[in-house]
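*Asks:* Could you look at this predicted model? Sequence included:
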Amino acid sequence: MKNIKITGIILSAIIFLFSSLHAQISYLPITDFELTDTVWEYQRDGIVLAKIRLKNGGKIDGYQGIDEAKWSIEDKDLVFYNTKGDVTIKFSSFDKKGGRWTITGKSQTTGSSYVLKESSGAVGPIKKAEKQDKPAQNIQPYISAPLDVLARTIKPSFSVNEPITIEYFNLPGYNQDWITIVSAGSPDNKYGEWFYTGGKKNGSYTFSNPGAGSYELRVYFNWPDGGYRVMSRYLFTVTAHISPYQSSITWDFETGDLRGWTTTGDAFSYQPTYGDNPTARHRGQPSNHQGNYWIGGYEKRNSPYDPPGQIQGDGPQGTMTSKPFNISTTYISFLIGGGCDIKTVRAELLVDGYPVMSATGNCNETMNRIRWNVSAYMGRTAQIRLIDHSSGGWGHINFDDVKFEN
């Protein structure tokens, strides 16, 4: 009886131990607070891609990859999803040493290993010069490629008589990685002239000219296993002596209207304004505008036939947003003046609908030129938006003469 009693105690202890162990591995060992309040160094196959933060609500802050659109918890795994909502990476191993977490996982499509290491500092992509094969003669290597771009043309626009030379970099190295040129907006399973990279991760290629139009350079991995899943897109144009910034948008407002721009509210109701209206009302701060017309949120003189010096004041609020355009130059510059509170009055650059750069005036009617380096967004869709959300002193924005420069 005594032996039976001891055996029962041992069995109970084993059951308790198993239950405790099961309870420990049924849930993520890391707390929600640790997971979402930490800056993570994000690595793929040992290469540091970015520092990210897993924000509440499933947002991944600091990196905008194809396969890193959102995150969530499934069973006891930390999971990343692509832009289509498919599971792409599962993190199943959680290890804490020296008070810092290391979380490891694998891609569900390529088998690549991914690591999240507890880190510190600001979030964002790690900008490093990647080792590349020697480029073809007369082709300059790209020091830092735009985010998510694995191939790009050597310039943003070509004439109809030029061959289309492209450079690719950081591919996985499958023999049947392939690159093609198609008309912009074509379905993902459509392709034009194409070539296999033959296992090269970096290199260049020259396509024949497809004629005037808007095109997309696409990268696909590992045909046929990869199917028609586009891994990288890059927009460019072939022109017949037509500017890539068509006349459908007025950038210097010399048309005397707001063609190509959409407004909300009433801050820009009397725009563009004509002439140096601040000087006409003896402000002592000349506008420094280009040409005849410009955006002056305080002003109310829409034509040379209106009496000079009229104003609408700081009261009206609203926005003014350009039609989408393709970034194909290194810089965008413009004149800006007026209010100096960037929280309420500013010019913004939107890329794929999200603000990435902003500028404001210096609480002076005189405009000065601001220059944005937009090389990191080459080939992507952008808009310029003016914001006036202030009715107090200096609650207006002055703006003029947008230029696209290399």
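*Replies:* Received the coordinates, thanks. Residues are numbered from 1 along each chain as shown.

*Asks:* Only C-alpha atoms from now on, for both contacts and neighbour counts.
*Replies:* Will do.

*Asks:* and Gln43, what pLDDT?
*Replies:* Per-residue pLDDT puts Gln43 at 87.

*Asks:* mind listing what the closest residue to Thr366 other than its chain neighbours touches?
*Replies:* In space, Thr366 comes closest to Ser287 once its chain neighbours are excluded; the distance is 4.3 Å by C-alpha to C-alpha, 6 or more residues apart in numbering. Contacts were defined as C-alpha atoms under 8 Å, 6 or more residues apart in numbering; by that measure Ser287 touches 276-279, 365-367.

*Asks:* do Asn175 as well
*Replies:* Asn175 neighbours (C-alpha under 8 Å, 6+ apart): 196-200, 222.

*Asks:* Apply 6 Å and report the result again.
*Replies:* Contacts for Asn175 (C-alpha atoms under 6 Å, 6 or more residues apart in numbering) come out as 198-199.

*Asks:* Can you give the contact residues for stretch 351-370?
*Replies:* In contact with stretch 351-370 (C-alpha under 6 Å, 6+ apart) are residues 285-288, 333-340, 342, 346-350, 381-382.

*Asks:* Quick one: name whatever helix or strand follows the worst-scoring helix or strand of the chain on mean pLDDT.
*Replies:* None of the helices or strands of the chain scores lower by mean pLDDT, DSSP states H and E than helix 2-25, at a mean of 43. Following helix 2-25 in sequence order, the next helix or strand is helix 32-36 (DSSP states H and E).

*Asks:* Report the mean confidence score over that next one.
*Replies:* 81.

*Asks:* Which residue comes closest to Ile384 once chain neighbours are left out?
*Replies:* Nearest to Ile384 is Leu349, by C-alpha to C-alpha, 6+ apart, at 4.8 Å.

*Asks:* How far away from the center of its chain is the one helix or strand the one you found maps to?
*Replies:* Element membership of Leu349, judged by DSSP H and E, is strand 345-351. How far strand 345-351 lies from its chain's middle: 14 Å, per C-alpha atoms, centre = their mean, to the nearest Å.

*Asks:* go on, stretch 284-300?
*Replies:* With C-alpha atoms, centre = their mean as the basis, stretch 284-300 stands 32 Å off its chain's centre.

*Asks:* Buried residues in that stretch, which are they?
*Replies:* 286-289, 292-300 (16 or more other C-alpha atoms under 10 Å).

*Asks:* which of the residues you listed has the weakest pLDDT?
*Replies:* Asn292 (91).

*Asks:* Most neighbours among the contacts of Ser287, which one?
*Replies:* With neighbours defined as other C-alpha atoms under 10 Å, the most crowded of the contacts of Ser287 is Glu365; it has 26 neighbours.

*Asks:* what's the nearest residue to that residue if we skip its chain neighbours?
*Replies:* Here the residue nearest Glu365, using C-alpha to C-alpha, 6+ apart, is Gly338, at 5.0 Å.

*Asks:* so what's the one you found scoring on pLDDT?
*Replies:* Model confidence at Gly338, given as pLDDT, is 96.
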